[in-house]
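1. Sharing a model that was predicted from the sequence below.
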Amino acid sequence: GGAGGAGWGPKGFPKLKNDTFLRAARGEETEYTPVWCMRQAGRYLPEFRETRASQDFFATCQSPKLCCELTLQPLRRFPLDAAIIFSDILVVPQALGMEVVMVSGKGPVFTEPLKEVEDLLKLRQKVDVTAELGYVFQAITLTRHTLEGKVPLIGFSGAPWTLMSYMIEGGGSTTMAKAKSWLYRHPEASHRLLRLLADVIIDYLVGQVAAGAQALQVFESHAGHLGPELFQDFALPYIRDIAQAVKSKLKEEALPLVPMIIFAKDAHYALRDLAHAGYEVVESDTGLRCLSQTRYSDFLICPEPSHCCSKGWDSWATTLQLLKAALRGPGCPVVGAAGNWLPSASVPHAATHLLPPRRSAQTGKDVTLQGNLDPCALYAPKVSHGHCQQLGLVLACVKGLLPQLPQLQHRLMSQQSPPG
């Protein structure tokens, strides 16, 4: 199932007016720190709740019009520098023929999870991503046009191990014991499933670029359930292959070589390997103490604001404005997003000059690193340069006192009302 023939090529899109996020992701100099949120559309927005009220979650995901509307809602409220398409990583297992429902208060549930190796025969072995996931491509194209070039649009997918674990566990799990047992009991079958998932993900991501996505993120959200050995055997090879194959296919199909971001949650032991996996940006989490020096400019991405409380939101929104103001100094080629923070290329750790390119001591490679600020720091009732140590660290990095800019890791808390 190739993706390039979807018919939704990146022709005729409005000219991009704000490419700061894309330049920072590629390690280029920027005038200020761009800001975006990993899941910008969420329950913290009353308009999101209203839009979602009459629709099943996955029915919403399959409606290009609704996905476009949900993607754009946060940009109407906040001065964000990128949009990320509203969708879900579990649309890929659905494309393989599995049924997934979203249960209120529980999350995603697979009606018939994989229990035995023989169950793999129930999956589609050849997936036409245009036929099965065309609604995502249509949503991306519609959103690109509706954005009118205001900011770039990010597409995404789950990574193979994370999707495999959901398919076997039948939903979320604190241990992923069933899925991990497959890796030990059925290593060959596990690799067959991971290979199948990787092939679909590759076509899916290429299809997203053909439809208009201007950057891609791959989420290996369950990497932390694997130790170094299992990660090396069952996750990293497919993560690496996805980056290489996507870029190869983009070249073959004369599509833009968009920047790619990898997030392998809690895989701190693999940071160096991830830096060599072919992605422009490697995201870390709060478990990594220091990201050390990097080649790239300081770049932040905000975690999901779909889980928040009122004080936290006010603090988060104020922090966003505070940081954008602090980072907009002349000659400060940094990028950011309210929440997750990356160092990106040609690091300007001071607002007035650039440091020479440096190789990261932890990654062994010139690569953009997304930092690791604890999102709970935003529960502080007031935001100032010194209201808590972690936000102080952020601002110290901005002022050139520390070698990298930390990030808010993953998602905020959800019971929250936005200001205004």
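-> Received, thanks. Residues are numbered from 1 along each chain as shown.
2. Now the terminal residues of stretch 221-228, how far apart.
-> The first and last residues of stretch 221-228 sit 15 Å apart, counting by C-alpha to C-alpha, to the nearest Å.
3. Now tell me what touches it from outside.
-> 89, 158-159, 161-162, 165, 175-176, 179-180, 231, 234-235, 263-267, 269-270 (C-beta atoms under 8 Å, 6 or more residues apart in numbering). All C-beta atoms are positioned from the backbone trio N, CA, C, and that covers glycine.
4. quick one: which of those sit in strands?
-> When DSSP state E is applied, the contacts of stretch 221-228 are split such that Gly158, Phe263, Ala264 fall in strands.
5. rewinding a little: show me which of the contacts of stretch 221-228 are buried.
-> 89, 158-159, 161-162, 165, 176, 179-180, 231, 234-235, 263-267, 270 (16 or more other C-beta atoms under 10 Å).
6. so where do the helices sit in the stretch 201-350 of the chain?
-> Here the stretch 201-350 of the chain has its helices, by DSSP state H, counting those that start in this stretch, at 228-234, 236-252, 271-275, 310-327.
7. Show me what the shortest one is packed up against.
-> Right, helix 271-275. helix 236-252, strand 281-283 (3 or more C-beta pairs under 8 Å, 6 or more residues apart in numbering; DSSP states H and E).
8. List the buried residues in the last one.
-> Buried residues in strand 281-283, defined by neighbour count with 16+ other C-beta under 10 Å: Val281, Val282, Glu283.
9. Same question for stretch 16-23.
-> Leu16, Asp19, Thr20, Phe21, Leu22, Arg23.
10. returning to what we had before: nearest to Glu50 among the ones in strands among the contacts of stretch 221-228?
-> Glu50 has its nearest neighbour among the ones in strands among the contacts of stretch 221-228 in Gly158, at 27.8 Å by C-beta to C-beta.
11. Tell me the predicted confidence for the closest one.
-> pLDDT for Gly158: 98.
12. likewise Phe86?
-> Confidence score, pLDDT, at Phe86: 96.
13. just checking, it touches Pro74?
-> No - at 10.1 Å, Phe86 and Pro74 do not qualify as touching, with contact defined as C-beta atoms under 8 Å.
14. shared neighbours of these two, which are they?
-> Common contact partners of Phe86 and Pro74 (C-beta under 8 Å, 6+ apart): Ala41.
15. before we move on, the earlier item: just the closest of the buried residues of stretch 16-23 to Gly42, please.
-> Phe21 (19.6 Å).
16. Correct me if wrong: the closest one contacts Leu153.
-> No - here Phe21 does not reach Leu153: they are 10.2 Å apart, not a contact under C-beta under 8 Å.
17. what's near enough to touch Gln73?
-> Gln40, Ala41, Leu45, Glu47, Phe48, Thr51.
18. Please check those and keep the buried ones.
-> For those, buried by 16+ other C-beta under 10 Å: Gln40, Ala41, Leu45, Phe48, Thr51.
19. so which helix or strand takes in the last one?
-> Taking DSSP states H and E as the criterion, the element that holds Thr51 is helix 46-52.
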